[in-house]
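> task: produce atomic coordinates for the following.
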Amino acid sequence: MSEDALWTIEFETTLGWANGGVVVLETGRLFGGDSQYYYVGKYNYAQPIYTAQVRVTHYQGPLGTAWGDAAQTFDLALRGNIDPDRILIEGTIERQDFPTTRFRMLKRAPLP
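Numbering: from 1, shown residues only. You can find the predicted model right below:
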């Protein structure tokens, strides 16, 4: 399974799996966003472990992160396992000075 694709991502919050967006993984680069923030970063895949360093930046609407704060810009470290049978990446997100939370990504479409 190639990790280079269009994925959807969800973040676990105090309300459950409430936040989410779209992520494109392409040759070690990560791009994406949701209705209030965009994501830019780099990722590495060493089967079956996926890691990423991501900068998240607010671009419109009310400020509000999956952690319940009103940050304009912040950095995340993701680490997860890829399940090739389900085309799924599941793992944890670390943000400095905040509790670790979980994420899951589902592969939606190959890149053209």
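
> what's the spacing between the helix or strand bottoming out on mean pLDDT in the chain and its chain's center?
Ranked by mean pLDDT, DSSP states H and E, the weakest helix or strand in the chain is strand 16-26, scoring a mean of 89. Averaging C-alpha positions (CA atoms, centre = their mean, to the nearest Å) puts strand 16-26 5 Å from its chain's average.

> that one - contacts with which helices or strands?
Counting contacts by 3 or more CB pairs under 8 Å, 6 or more residues apart in numbering; DSSP states H and E, strand 16-26 packs against strand 5-13, strand 29-33, strand 37-46. The C-beta positions use only the backbone N, C-alpha and C, and glycine is treated the same way.

> ok, it: who's next to it in the sheet?
Sheet pairing of strand 16-26 (DSSP bridges) gives strand 5-13 (antiparallel), strand 29-33 (antiparallel).

> out of the ones you listed, which is closest to Trp67?
strand 5-13 (7.8 Å; CB to CB).

> list the buried residues for the closest one?
Ala5, Leu6, Trp7, Ile9, Glu10, Phe11, Glu12 (16 or more other CB atoms under 10 Å).

> find the nearest non-adjacent residue to the second one, please.
Pointing back at Leu6 there. Ala109 (4.5 Å; CB to CB, 6 or more residues apart in numbering).

> next, count neighbours for Glu90.
16 (other CB atoms under 10 Å).

> rewinding a little: of all the strands paired with strand 16-26, which one is nearest Glu94?
Using CB to CB, those put strand 5-13 closest to Glu94, at 12.4 Å.

> what mean pLDDT does the closest one have?
The average pLDDT for strand 5-13 rounds to 92.

> could you dump the helices and strands packed on strand 16-26 to JSON lines with distance to Gln53?
JSON lines is the format used below for the helices and strands packed on strand 16-26 (distance: least, CB to CB, whole Å):
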{"stretch": "strand 5-13", "distance to Gln53": "15"}
{"stretch": "strand 29-33", "distance to Gln53": "9"}
{"stretch": "strand 37-46", "distance to Gln53": "5"}
